[in-house]
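Colleague: Based on what follows, work out the 3D shape:
(one chain, ligands or ions: 1)
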Amino acid sequence: MRHLLSINDLSKQEAIDLLNLSAQMQEVNKRDVKKLPALNGRTVVNLFFEDSTRTRFSFELAAKRLSADVVNFTAKGSSVSKGESLKDTIGTLEAMGVDALIVRHHHSGAALTIANAPWSTSAVINAGDGTHEHPTQGLLDSLTIRQRLNGLDQGDLSGVRVLIVGDILHSRVARSNALLLRKLGAKVSYCGPSTLVPSASLGLVDEIYYDFDQALAQNFDVVMMLRIQAERMNSAFIPNAKEYSQLFGLTDSRFDSLSSKTLVMHPGPMNRGLEISSKAADSAQSTILEQVANGVAVRMAVLYRLLAQEGKA
Ligand code: CP
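Modeller: The predicted structure is shown next:
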């Protein structure tokens with residue numbers, strides 16, 4: 001594996017191996033000295049053309065914990081604002097000596113374009129491309145489910161039932177999760193208003209619900225709420241925030257109706273009071289901050305796999 005652009009780049013065994021390696025990285029992250037020498041002398045560039053808190057900082061921490069040198073590039077404040085192209089931006093950074101590019105971009109396919117381009121020689125990790133994919137988010141969510149639900153540091157997710165709720169249409173997280181969870185043996189359902197759940201999704205998941213209460217009556221093991229992505233909406237997909245919250249929000253009363261064993265997930269950033277109530281988000285069933293912590297371990301595993309192990313297998 002030279003790049004990680006999509007969950008489709010991973011076989012089931014490769015995905016499980018990455019989760020198992022992530023579990024080992026979690027142990028490193030529990031030590032007083034959270035550092036391995038594995039990527040000493042390697043250079044990783046965080047290339048972010050779109051805003052991020054979790055992904056950007058966790059990739060930076062992950063690379064530093066593996067002893068890599070890290071450079072952070074954000075489009076704001078760079079020569080992109082003077083009209084420099086993607087090709088010239090990457091050529092400029094690579095001329096300084098770079099081993100990996102971690103790419104977040106508002107265009108679906110941007111990371112693939114860079115990985116396939118003759119003008120780039122770096123390993124490329126997709127850190128979220130438009131509405132397409134966010135593979136390391138999928139991996140950290142599966143790691144979280146495997147540990148919280150099964151208490152396991154190995155194996156797949158056979159038999160686990162996951163409901164992903166909300167703005168499926170604009171969500172790269174929904175796609176990466178559906179691909180990975182099903183690869184690992186879980187059953188995945190989408191739920192949301194018909195304007196935000198593409199009918200073509202049926203090829204990607206096992207079931208689609210357009211009524212949240214009907215879906216919740218099926219007692220899923222995991223309810224994963226998604227952010228309403230107002231910045232990607234170019235028309236009126238929902239009548240208004242109040243109606244959306246009433247119909248598709250994980251409100252206090254819906255949260256109270258869940259089994260105490262149901263996990264509540266959200267990739268962040270959250271719109272509290274819109275897609276999820278504070279009671280649900282801050283509950284013991286919520287894994288939201290665990291997902292963030294697991295993101296560092298997963299990104300350490302992916303960087304280690306691509307930069308330290310690739311070619312040695
Ligand atoms: N989940 C996620 O990708 O969050 P950020 O946009 O903060 O990176």
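
Colleague: do stretch 271-283 and the ligand meet at all?
Modeller: No - Stretch 271-283 is not in contact with the ligand by Cβ under 6 Å from any ligand atom; minimum separation 12.9 Å. Yep, even glycine has a C-beta here, placed from its N, CA and C like the rest.

Colleague: now that stretch: how far from the chain's centre is it?
Modeller: Centroid separation between stretch 271-283 and its chain, computed with Cα atoms, centre = their mean, to the nearest Å, is 19 Å.

Colleague: Nearest the middle, which residue of the protein would you pick?
Modeller: residue 137 (1.7 Å; Cα atoms, centre = their mean).

Colleague: Helix or strand: which one has residue 147?
Modeller: Using DSSP states H and E, residue 147 maps to helix 135-150.

Colleague: Residue 107: how many residues sit nearby?
Modeller: 14 (other Cβ atoms under 10 Å).

Colleague: and it, what element?
Modeller: Here residue 107 is assigned to no helix or strand, by DSSP H and E.

Colleague: and the closest residue to it other than its chain neighbours, what does it touch?
Modeller: Leaving aside its chain neighbours, residue 107 sits nearest to residue 130 (5.2 Å; criterion: Cβ to Cβ, 6 or more residues apart in numbering). Under the criterion of Cβ atoms under 8 Å, 6 or more residues apart in numbering, the neighbours of residue 130 are 105-110, 172.

Colleague: repeat that for 7 Å
Modeller: 106-108, 172 (Cβ atoms under 7 Å, 6 or more residues apart in numbering).

Colleague: Of these - the most surrounded one?
Modeller: residue 172 (21 neighbours).

Colleague: continuing past the helix ranked longest in the chain, what's the next helix or strand?
Modeller: The helix spanning the most residues in the chain, taking DSSP state H as the definition, is helix 12-29. Toward the C-terminal end, the helix or strand that comes next after helix 12-29 (DSSP H and E) is strand 43-48.

Colleague: Sheet-wise, list the partners of that following strand with their directions.
Modeller: In the sheet, strand 43-48 lines up against strand 69-74 (parallel), strand 100-105 (parallel) (DSSP bridges).

Colleague: So which bits of the protein are right by the ligand?
Modeller: Near the ligand, when you scan the chain using Cβ under 6 Å from any ligand atom, you find 52-55, 128, 134, 137, 267-269.

Colleague: ok, 8 Å please
Modeller: Contact residues (Cβ under 8 Å from any ligand atom) of the chain with the ligand: 50-56, 58, 104, 127-128, 134, 137, 173, 267-269, 291, 295.

Colleague: which of those are buried?
Modeller: 50, 52, 54-56, 58, 104, 127-128, 134, 137, 173, 267-268, 291, 295 (16 or more other Cβ atoms under 10 Å).

Colleague: Check the average confidence over stretch 297-309, would you?
Modeller: The average pLDDT within stretch 297-309 is 97.

Colleague: what's the distance between the residue nearest to the centre of the chain and residue 192?
Modeller: 18 Å (Cβ to Cβ, to the nearest Å).

Colleague: Could you do residue 240 as well?
Modeller: 16 Å.

Colleague: who has more neighbours, the two?
Modeller: residue 192 (30 against 9).

Colleague: My understanding was that the more buried one contacts residue 170; is that so?
Modeller: No - between residue 192 and residue 170 there is no contact, the gap being 10.6 Å when judged by Cβ atoms under 7 Å.
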